[in-house]
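>>> Next come a sequence and a model predicted from it.
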Amino acid sequence: MLAVFKNLKGDKAIWGVVALLALFSFLPVYSASTNLVYVNDDGTTIGHLVKHAILLFLGFGIIYAVHRIPTHYFKGLSIIALPIVLILLAYTLTVETKIGGVTANRWIKIPFVGVNFQTSTLASVVLMIWIARYLTKVKDVAITFKESILPLWLPTALVVLLILPENFSTAAIICFLVLVLCFLGGYPLKYLFSIVGAGLVLASMFLFVVFKTPEVIPGQRATTWKSRIETFWSPEKAGKDDLHQLTLAKIAIAEGGVVGKGAGKSVIKNMLSQSTSDFIFAIIIEEYGLLGGGALLFFYLLLLFRIVVVANSAKTVFSKLLVIGVGLPIVFQAFINMAVVVQLFPVTGQPLPLISMGGTSIWMTCMAIGIVLSASNRKENLEEESYDIDETNPLEVLSGQL
């Protein structure tokens with residue numbers, strides 16, 4: 001075990017923040033899991049806690065394994081991973097799975113282990129690596145919009161369109177973060193503005209269909225999207241069922257006050273659905289108050305700060321863009337989760353990274369953190385500074401050609 005700790009590389013502050021968030025997660029997960037046990041008659045509190053511990057333990061194993069991979073290897077790996085991800089996303093749309101009372105085509109079951117895998121979480125990480133690789137290649141090179149359609153916008157469109165039917169919020173978040181990464185990567189602004197304009201037109205048309213004729217969209221997701229948006233913009237017109245979760249979340253926050261009721265003393269957790277995942281932040285404030293919620297926000301801001309520091313200190317363009325591309329979504333997702341709970345954002349179904357009880361979403365977050373830690377390895381950065389393309393590495397030769 002000591003040998004493992006000695007081999008930890010990369011930014012120590014990120015290691016510390018991630019470890020603290022993971023350790024703290026056991027308290028709200030154990031407390032909120034009573035909802036699953038006594039309301040949904042699903043297992044035991046100890047069972048859910050052990051499952052969460054195993055997922056985190058495997059997640060830290062992923063962090064350790066990934067952070068030992070030299071950063072430039074991710075260029076070639078993204079070439080292999082993107083087609084696989086597209087196939088998995090297409091297959092996921094054909095598989096109906098029920099988790100936590102929610103039935104949707106978002107997950108596939110991993111054979112033999114029985115764990116549900118949400119393919120969109122892997123797709124978002126792989127897509128960001130792919131885009132970072134492309135932006136690195138065209139850095140300081142004059143390109144036309146037509147030249148970027150096939151290598152940049154087509155993969156992005158395929159990923160988004162395959163996620164959109166069952167997970168609108170994740171698709172929208174991916175679109176936004178892709179635009180941010182392209183902006184930071186120096187993609188021509190005139191083309192970027194055109195993409196944004198076209199995106200706004202398509203989004204307006206899509207929302208018009210959702211609100212006026214949701215029945216033309218297959219499945220029940222359109223009705224859910226419409227309900228969530230209406231609840232956010234006009235809560236006085238929403239039905240009781242639509243406001244139920246948000247009202248309970250507000251009650252939990254009000255009950256928590258400044259210092260909270262104490263660990264495990266939440267009352268709302270047994271009435272608030274998704275209290276272990278999407279709305280776990282409300283339970284945290286009820287039990288630990290605004291001080292606890294503020295402390296959690298501080299650690300996510302600290303993680304964001306360290307991600308920016310790592311990106312700024314990276315010696316290659318690819319490392320800089322890679323860190324921003326896979327690191328920013330972690331903190332962005334945390335902010336969205338918190339904003340939903342305090343009703344600054346419509347309900348999205350996004351979990352709180354490293355805190356919410358989940359499955360493979362924890363592993364994908366850990367993989368992204370491992371990539372950031374890989375880029376923060378100073379020795380690796382020095383080796384990459386003069387790195388171009390290793391002709392002995394087939395993946396890198398292919399990456400350079402593409």
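Good, I have the coordinates.
>>> For the rest of this, base every contact and every neighbour count on C-alpha atoms.
Noted.
>>> quick one, phi/psi of Tyr116?
Just so we're on the same page, residue 116 is Asn rather than Tyr. phi -80, psi 130 (degrees, to the nearest 10).
>>> where in the stretch 1-150 of the chain is pLDDT low?
The model of the stretch 1-150 of the chain has pLDDT under 70 over residues 1-7, 97-104, 111-114.
>>> can you check the stretch 251-400 of the chain too?
In the predicted model of the stretch 251-400 of the chain, residues 378-400 satisfy pLDDT under 70.
>>> which stretches of it form helices?
Using DSSP state H, counting those that start in this stretch, the helices of the stretch 251-400 of the chain run over 280-313, 317-341, 360-375, 378-384, 394-401.
>>> Out of those, which is closest to Ser31?
Closest of the helices of the stretch 251-400 of the chain to Ser31 is helix 280-313, at 8.7 Å (criterion: C-alpha to C-alpha).
>>> Give the stretch among the helices of the stretch 251-400 of the chain with the greatest mean number of neighbours.
Comparing these by mean neighbour count (mean count of other C-alpha atoms under 10 Å), helix 360-375 comes out on top with a mean of 26.
>>> That helix vs helix 317-341, what angle?
140 degrees (axes from the mean of the first three to the mean of the last three C-alpha atoms, to 10 degrees).
>>> Now tabulate the helices of the stretch 251-400 of the chain in TSV and tack on distance to Thr45.
Formatted as TSV, the helices of the stretch 251-400 of the chain follow (distance: least, C-alpha to C-alpha, whole Å):
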stretch	distance to Thr45
helix 280-313	15
helix 317-341	24
helix 360-375	19
helix 378-384	42
helix 394-401	46
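>>> Of those, which is nearest Ser169?
helix 317-341 (10.2 Å).
>>> Which elements pack onto that closest one?
Contact partners of helix 317-341 among helices and strands, from 3 or more C-alpha pairs under 8 Å, 6 or more residues apart in numbering; DSSP states H and E: helix 119-137, helix 168-184, helix 240-256, helix 280-313, helix 360-375.
>>> The helices of the stretch 251-400 of the chain: which one's closest to Val85?
Taking C-alpha to C-alpha, helix 360-375 is the member of the helices of the stretch 251-400 of the chain nearest to Val85, at 13.1 Å.
>>> which helices and strands does the closest one pack with?
Helix 360-375 sits against helix 45-67, strand 116-118, helix 119-137, helix 280-313, helix 317-341, with contacts defined as 3+ C-alpha pairs under 8 Å, 6+ apart.
>>> want to throw the helices and strands packed on helix 317-341 into JSON lines with distance to Leu154?
Output for the helices and strands packed on helix 317-341, formatted as JSON lines (distance: least, C-alpha to C-alpha, whole Å):
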{"stretch": "helix 119-137", "distance to Leu154": "11"}
{"stretch": "helix 168-184", "distance to Leu154": "12"}
{"stretch": "helix 240-256", "distance to Leu154": "36"}
{"stretch": "helix 280-313", "distance to Leu154": "27"}
{"stretch": "helix 360-375", "distance to Leu154": "23"}
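>>> just checking, Gly370 touches Val66?
Yes - between Gly370 and Val66 there is a contact under C-alpha atoms under 8 Å: 5.0 Å.
>>> give the contact list for Arg133.
By C-alpha atoms under 8 Å, 6 or more residues apart in numbering, the residues touching Arg133 are Lys75, Phe318, Leu322.
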